[in-house]
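S.K.: Predicted coordinates and the sequence they were generated for:
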Amino acid sequence: MSEFAAPRGMRDFYPEDWRAREALFSTWRQTAERYGFEGWDSPVVETMELLERKAGEEISEQIYGFEDKSGRRLALRPELTPSLARMIIARQGSLVFPLKWSAIGQCFRYERMTRGRKREHYQWNLDIVGEESIMAEAEVIGAAVCALRSLGLNETQFKVRVGSRAVLSELFAKSGIGKEHFMACCLALDKRGKITEEDVASLLTGEGLTPVDIERVFELLAIRSIDHVAERLGDDSPAIGQLRELFALADTLGFGDYLTFDLGVIRGLGYYTGIVFEAFDTAGKFRAIFGGGRYDSLLKVLGGERMPSVGLGFGDVVVQELLADLGIVPGGNRKIDYAIGYMTADCRALAMQAAMKIRAKGHSCDLGLSPEKAKKFFGRADKLGAEKAIYIGPSEAESEKFNVKTMAGGETAEKTIDQLI
RNA sequence: GUGGGUGUAGCUCAGUUGGUUAGAGCGCCAGGUUGUGGCCCUGGAGGCCGUGGGUUCAAGUCCCAUCACCCACCCCA
């Protein structure tokens, strides 16, 4: 074994890994195109200021930061959204909104590794910027669901949990719990099902909540349906209306079966303002497959005009692990249209002619790099996943005819060079 | 960051209370078939037993340290 390995948390892609990755990227790109998103890209390196400003000071320890030779503070991007916001703000006056943008980018994060989490990964971002209506959420989620379905997953294998920070906020206000406790309550809700109620309670006590408050939080923990929320907030609550609208739109768009209401989805970080969502495998074995939400104030925070926006991040690691667990291999096995081999150097010229003819017609063709025995060649053609194999020996070189063998069935057909394709 | 587990061939793993030359399956290479793959048979190559120290007549095996990976917790895009 070599003393060198990829740096911790960084991944090598050998050809089979690369095939799976490209198949996933291809699904992402096709889906984005199908839903009318435009592609974009930006540098992997960003200024530290942009990333810090959005994330806050604390997270900077998780950023791969460095100084360039003139002392500029730079960093490998941990996600795509700050770059997106930067690009949009730079042309906010000339871009036509709403816009729908899609990107696949490599992102870095310095942190402890666990399953489904590396220090480097690719993330598919879908964003709709400049749209107030819930149609933005519906289209973004619908596209991500579509991508997962294209990969071979169905509604028994994953669900999208939908929550709303606006609803939570209203609930807490209604229950008389101070705004300063909002994040602590969110964290407690997030722990639901993971730790005991006593532990949740002590957690909240530690945050300075009174026993009465804690009791109220536990009441909120019990809420499992939008109707129950509506009973508390009243039907005129705008946040409730938005949630109901999203579920209705999802039904009409045909992915309602994938959505479930879950107040516990809060997406930790501060910039989400409305509906938030996360997709999980039904078996509960993996981390979130994708997640996102509405962030109406991010552009303003970064110095632009306020602009209602919805975004989604979809990483490559968890979905590949989930697919592998279900026996699905994106990209499948190695495949090539033709393999060509030859017995001696004298036969090579004809083999080259055939290869160039096939390639000119747009088919893939592996041409043997050196003479090889028939047995070795056909074994190699098999491993290449060749659909057809052509082996050229002295008699073919003499007659200028090709025996084209179909690998699957084993039958051969004799062809001239003009009949090859 | 805390706790537990695992490091032996390219891969998955055996390896007895410490005892001679460290094994299997798969993969790879060659031959069986000097012009035809998959199946079968035969043979072959390939090991600093993670790394460093220690105990011992003797260490893959026991002890200590260290590194890497896995799982759970913690934290969280």
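M.R.: All right, it came through fine. Residues are numbered from 1 along each chain as shown, chains lettered A, B, ... in the order given.

S.K.: Next, find the distance separating the nearest residue to A:M307 once chain neighbours are set aside from RNA strand B.
M.R.: Distances taken as CB to CB, 6 or more residues apart in numbering put A:L299 closest to A:M307, at 4.6 Å, once the chain neighbours are dropped. Heads up, the C-betas are built off the backbone N, CA and C, glycines and all. Distance of A:L299 to RNA strand B, computed by CB to the nearest atom of the strand, to the nearest Å: 17 Å.

S.K.: does A:L299 count as helix, strand or coil?
M.R.: In three-state terms, and counting by DSSP: H, G, I helix; E, B strand; the rest coil, A:L299 is helix.

S.K.: unless I'm mixing things up, it is touching A:M87, no?
M.R.: No: A:L299 is beyond contact range of A:M87, at 10.9 Å (criterion: CB atoms under 8 Å).

S.K.: Between those two, which is the more surrounded one?
M.R.: Comparing A:L299 with A:M87 by neighbour count (other CB atoms under 10 Å), the higher total belongs to A:L299, at 22 against 15.

S.K.: Distance check, the residue nearest to A:M307 against A:I88.
M.R.: Note on A:L299: its distance to A:I88, by CB to CB, to the nearest Å, is 7 Å.

S.K.: Also A:E414?
M.R.: From A:E414 over to A:I88 (counting by CB to CB), the distance is 62 Å.

S.K.: Compare these two and say which is more crowded by neighbours.
M.R.: Comparing A:E414 with A:I88 by neighbour count (other CB under 10 Å), the higher total belongs to A:I88, at 24 against 11.

S.K.: Now do the contacts for that one.
M.R.: Taking CB atoms under 8 Å, 6 or more residues apart in numbering, we find A:I88 in contact with A:L95, A:L99, A:V129, A:L299, A:G304, A:M307.

S.K.: Go through those and flag which are in helices.
M.R.: A:L299 (DSSP state H).

S.K.: Quick one, which of the contacts of A:I88 are buried?
M.R.: Neighbour-count burial (16 or more other CB atoms under 10 Å) is assigned, among those, to A:L99, A:V129, A:L299, A:M307.

S.K.: mind giving me CSV with the residues you listed and columns for pLDDT?
M.R.: Listed next are those as CSV, based on pLDDT from 0 to 100:
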residue, pLDDT
A:L99, 96
A:V129, 97
A:L299, 89
A:M307, 94
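
S.K.: Strands - which of these land there?
M.R.: A:L99, A:V129 (DSSP state E).

S.K.: Check the buried ones among the contacts of A:I88 against A:W40 and report the nearest one.
M.R.: Closest approach to A:W40 among those (CB to CB): A:L99, at 9.6 Å.

S.K.: Could you check how far the closest one is from A:L249?
M.R.: For A:L99, the distance to A:L249 - CB to CB - is 20 Å.
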